[in-house]
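> Please find the sequence and the predicted model below.
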Amino acid sequence: MNNYVKIFDTTLRDGEQSPGATMTSVEKLEVARSLARLGVDIIEAGFPAASPDDLEAVRRIAIEVGNPPRGGEYSKVPIIAGLARANKPDIDKAWDAVKAAAHPRIHTFLATSEIHMKHKLKMDRETVVERVKETVAYARSLCADIEFSPEDAGRSDPEFLYLVLGEAIQAGATTLNIPDTVGYTTPDEYGAMIAGIIKNTPGMHDGITISVHTHDDLGLATANALAGIQAGARQAEVTINGIGERAGNASLEELAMTLRTRYPVFGLETGLDTTQIARISKLVSNYTGMSVQPNKAIVGANAFAHEAGIHQDGMLKHNQTYEIMRPEDVGVNQSKLVMGKHSGRHALHARLADMGHMLSEAELDKAFTRFKELADRKKNITDLDLEALIADEFYRPRDIYALDGLQVACGTMGLPTATIRLRGPDGKIHTHASIGTGPVDATYKAIDAIVKVPATLLEFNIHAITEGIDALGEVTVRVQPKESFTKLDAQHETPYGRVFGGHGADSDIIVASAKAYLAALNKLITAQSEATEAQQHDYGMLS
Ligand code: KIV
Ligand code: ZN
């Protein structure tokens, strides 16, 4: 058996599908580019039947990330997959979205557990088998690379699974993905299920890849995925930061670093450049507004921090006393004192390039202006500050409304008041003053009065990026439109309301708060107009 595990990233599908992780099409494209740079083998770019704008986003990724740059090598380009329920209209949409990629894949699925078949699909076993045969064969008539998933495999009767999977192979599937959809199995059970499938599925041969797809409801997603790989699976479906339905999916960083750190146990390779992990984790967190818990394995803020005196003492004597991986292996740079007020444009360029940010001249100009502003207020600028600055300047959604000025009065002597100046989509300056229960509330009320998109603030998080009183403050928020517009959820086949995240960083925490809120509202407005445009396009195509 070969020793290469293909990494199938589903951040943009299972991850983005989780309420609150909505990304705009531009953000999805940027994440896809970063995934390609990370070296994933397959990018599941979305669920094209969910909404016309999802289809468009997948199509753009297929064109722009799924093809080599001029003169580049085709073999180095990731496969671009689109998800489809097991019906022809969904499969047509998935194919329409991925076909421009150099290596397209259709991923179709149908539930096989009794509970799903009876209550959700209202189909008996025979009908499910027939549907799988028909739809996999149809997908194969369009595309040479077909993945089939028996949804809720973890709770399906193994004998029935073997039968369905055998039919899927016969109809042309080349990858069989085995989802523990509800995160129910234990590692022993999941590993045994994969071994059973490899042994008992009729028609199983070396050309078929078995894939693991695990959810984290019991906190076992990564352990289950690894058990499946040890039992012979050679594709792992994962997401950045483990985002996904409910408690999420197995996280890419945990799986990749386990295979790497415990190589003698697994003896398996991936094609990942793990030094990209910290950056892409931050990117996904900023775009989704879903902050990473500080104690999260590999990418949490404390993952490489040593607090207890006895640990610090050990680390000073030998870093392997308490460290099983090197922070630089996942792209967490340990250098502390990086730059200051007197550092020049060239030094900034070199530092950013070292950190993996290749900026154009115009972008570098902007970054340098922001850097100088920050250096006036903060003595020592660390890599973490630079990451925050870059995220704030370049990874924020398109400015529909941009912050032009903010002044806040607060404290115990009067009513908290915020006066805000925004540049609107018409290029005009809008000014408004509001009072609130505190400075952030006053600022958000003033923004609401100008932007006029009814939305509920669901979550507000603030933290200091580095230690010290002059630290940059980083704010993430999540907002939900009051007039909810919806898209389809692949698993439950019901539409759900979308939640938008925003991120902002500044040495003034009220400014950071305003930026984060505006970023979320800008995303909401962009998504609303993308949805309307795509719908019009759809009607245009149909009429
Ligand atoms: O968890 C699941 O069952 C899925 C399938 C659609 C593959 O995400
Ligand atoms: Zn899933």
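Here it is on my side, so go on. Ligands and ions are numbered 1, 2, ... in the order given.

> For the rest of this, base every contact and every neighbour count on C-alpha atoms.
OK.

> buried ones in the longest helix seen in the chain?
Secondary structure assigned by DSSP state H gives helix 509-542 as the longest helix of the chain. Under the neighbour-count criterion of 16 or more other C-alpha atoms under 10 Å, helix 509-542 has 509-528, 530-531, 534 buried.

> Is Phe460 in a helix, a strand, or coil?
Assigned with DSSP: H, G, I helix; E, B strand; the rest coil, Phe460 falls in the strand class.

> count of residues packed around Ile469?
Burial of Ile469 is recorded as 9 neighbouring residues (other C-alpha atoms under 10 Å).

> And it, how close does it get to Arg370?
19 Å (C-alpha to C-alpha, to the nearest Å).

> same deal with Lys379?
Taken as C-alpha to C-alpha, the span from Lys379 to Arg370 is 14 Å.

> One more: Arg105?
On the measure of C-alpha to C-alpha, Arg105 and Arg370 end up 42 Å apart.

> Which one of those two is surrounded by more residues?
Counted by other C-alpha under 10 Å, Arg105 and Arg370 do not tie: Arg105 has more neighbours, with 27 against 16.

> which residues does that one contact?
Ile79, Ile80, Ala81, Gly82, Val98, Cys143, Ala144, Asp145, Ile146, Glu147 (C-alpha atoms under 8 Å, 6 or more residues apart in numbering).

> go again using 6 Å as the cut-off
Ala81, Asp145, Ile146 (C-alpha atoms under 6 Å, 6 or more residues apart in numbering).

> Tell me the gap between the longest helix of the chain and the middle of its chain.
18 Å (C-alpha atoms, centre = their mean, to the nearest Å).

> Show me what it is packed up against.
helix 52-64, strand 473-481, strand 500-506 (3 or more C-alpha pairs under 6 Å, 6 or more residues apart in numbering; DSSP states H and E).

> Let me have these in JSON lines, extended by mean pLDDT, distance to Asp216 and mean neighbour count.
Below are these laid out as JSON lines (pLDDT from 0 to 100; distance: least, C-alpha to C-alpha, whole Å; neighbours: other C-alpha atoms under 10 Å):
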{"stretch": "helix 52-64", "mean pLDDT": "95", "distance to Asp216": "25", "mean neighbour count": "23"}
{"stretch": "strand 473-481", "mean pLDDT": "89", "distance to Asp216": "22", "mean neighbour count": "24"}
{"stretch": "strand 500-506", "mean pLDDT": "88", "distance to Asp216": "22", "mean neighbour count": "29"}
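
> Not counting the one helix or strand Leu384 maps to itself, show me its contacts.
Assigned by DSSP states H and E, Leu384 falls within helix 383-394. Residues from elsewhere that reach helix 383-394 (C-alpha under 6 Å, 6+ apart): Gly504.

> and the angle from that helix to strand 473-481?
40 degrees (axes from the mean of the first three to the mean of the last three C-alpha atoms, to 10 degrees).

> Could you pull out the buried residues of the next helix or strand after helix 383-394?
Remark: after helix 383-394, the chain's next helix or strand is strand 402-409, criterion DSSP H and E. Residues of strand 402-409 classed as buried: Ala402, Leu403, Leu406, Val408 (neighbour count, 16+ other C-alpha under 10 Å).

> Low-confidence bits of the stretch 201-350 of the chain, can you list those?
The stretch 201-350 of the chain contains residues with pLDDT under 70 at 306-317, 333-338.
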